[in-house]
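Enquirer: build me a model:
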Amino acid sequence: MKRFLSLILIAVAMTSCQEDVKFNDPGFQGLKDDVYWRANDTRAYLSAAGRLTIEALTEYEQLTLNTTNANLGTYVLGTTNTNNAAHYTSSLDGVDLEYATIAVPGPVSTFTLVSGGTGYTSGSSIPTTGGTGSGLSVNVTANSSGVVTGLTLASRGNAYTAGDLITVSGGNVNCTFRVFNVQNSNGEIVITEYDNVNMTISGKFKFNAANVNNNPFGGPILNFQYGEFYKIPIYPSL
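Expert: Numbering: from 1, shown residues only. From the prediction side, this is the model:
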């Protein structure tokens, strides 16, 4: 019953958030570790190379979102592409905290198939080798020719990092996939509107960011959910 009530309260809060962002021009907000968070000041910049930076500030905090460009679409965080990233800092009562979607070890979140290999049959909880971690296993779907056509995670393992190349056991040991990001450093920025006449940007975001310096005064992971930015003004390059 308590869990059900909590879900109702979060849903009500987010309905309020979404309505707020529509009536605030510009607006930047979300849930930070399940607590409503809203920026006091927000602005965006486009570099000469076209890279987008959005800065959102409160009195003691700064959240920065970076994407490779301002094109409409989804930009995945926590990968080896560091041009797509989220970075958060706070300084309060003498405690400085820093979180970022950097390459850190952890359980696998998402991956991409590199090679389907040969000689495989469909199966569950197939072990893997390679990479920086251990304990990763997958469910395999193979076609009649023995080529792997689909993989899902059976066990996420631990201590893997973005970019790890993993080999699936069995077959001719030549089916490989690459770790895209891990659970404690991932997320996405979605650009839904780029107004190049009035020079504003709108979209959504969510992410898990790792404690950069393992500061004991902060938790290991910072979580943002239901993030939205609306008609943020774009200024000349930093």
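Enquirer: so who does the most centrally placed residue in the chain touch?
Expert: Among the residues of the chain, the one closest to the centroid is G187, at 1.3 Å (CA atoms, centre = their mean). The neighbourhood of G187, defined by CB atoms under 8 Å, 6 or more residues apart in numbering, consists of V76, L77, G78, A86, T101, F205, K206, F207, N208, A209, F224. Placement of C-beta: from N, CA and C, glycine included.
Enquirer: how far away is the residue lying closest to it once chain neighbours are set aside from G171?
Expert: Among residues not flanking G187 along the chain, F207 sits closest, at 2.6 Å (CB to CB, 6 or more residues apart in numbering). Counting by CB to CB, to the nearest Å, the separation of F207 from G171 is 36 Å.
Enquirer: quick one: which of the two has more around it?
Expert: For the pair F207 and G171, the greater number of neighbours falls to F207 (28 against 20), based on other CB atoms under 10 Å.
Enquirer: for the more buried one, pull up the helix or strand it's in.
Expert: strand 200-211 (DSSP states H and E).
Enquirer: could you point out which element follows that strand?
Expert: strand 221-235.
Enquirer: so that next one versus strand 200-211, what angle?
Expert: Orientation of strand 221-235 against strand 200-211 (axes from the mean of the first three to the mean of the last three CA atoms, to 10 degrees) gives an angle of 150 degrees.
Enquirer: can you count the residues close to R38?
Expert: Using other CB under 10 Å, R38 has 16 other residues around it.
Enquirer: domain ranges for the protein, per the record?
Expert: With domains defined by automatic domain parsing, the chain comprises 2-103+184-235, 108-182.
Enquirer: how far out from the middle of the chain is the first one?
Expert: Domain 2-103+184-235 sits 10 Å away from the centroid of its parent chain (CA atoms, centre = their mean, to the nearest Å).
Enquirer: what is the mean pLDDT for it?
Expert: Taken as a whole, domain 2-103+184-235 has a mean pLDDT of 89.
Enquirer: which stretches in this structure count as helices?
Expert: 2-23 (DSSP state H).
Enquirer: and stretch 174-189, how far apart are its ends?
Expert: 34 Å (CA to CA, to the nearest Å).
Enquirer: check stretch 167-178 too.
Expert: 9 Å.
Enquirer: identify the residues contacting stretch 189-200?
Expert: So stretch 189-200 is contacted by 26, 52, 65, 67, 70-75, 77, 84, 86, 201-205, 231-234 (CB under 8 Å, 6+ apart).
Enquirer: that one: end-to-end distance?
Expert: Taking CA to CA, stretch 189-200 runs 16 Å from one end to the other.
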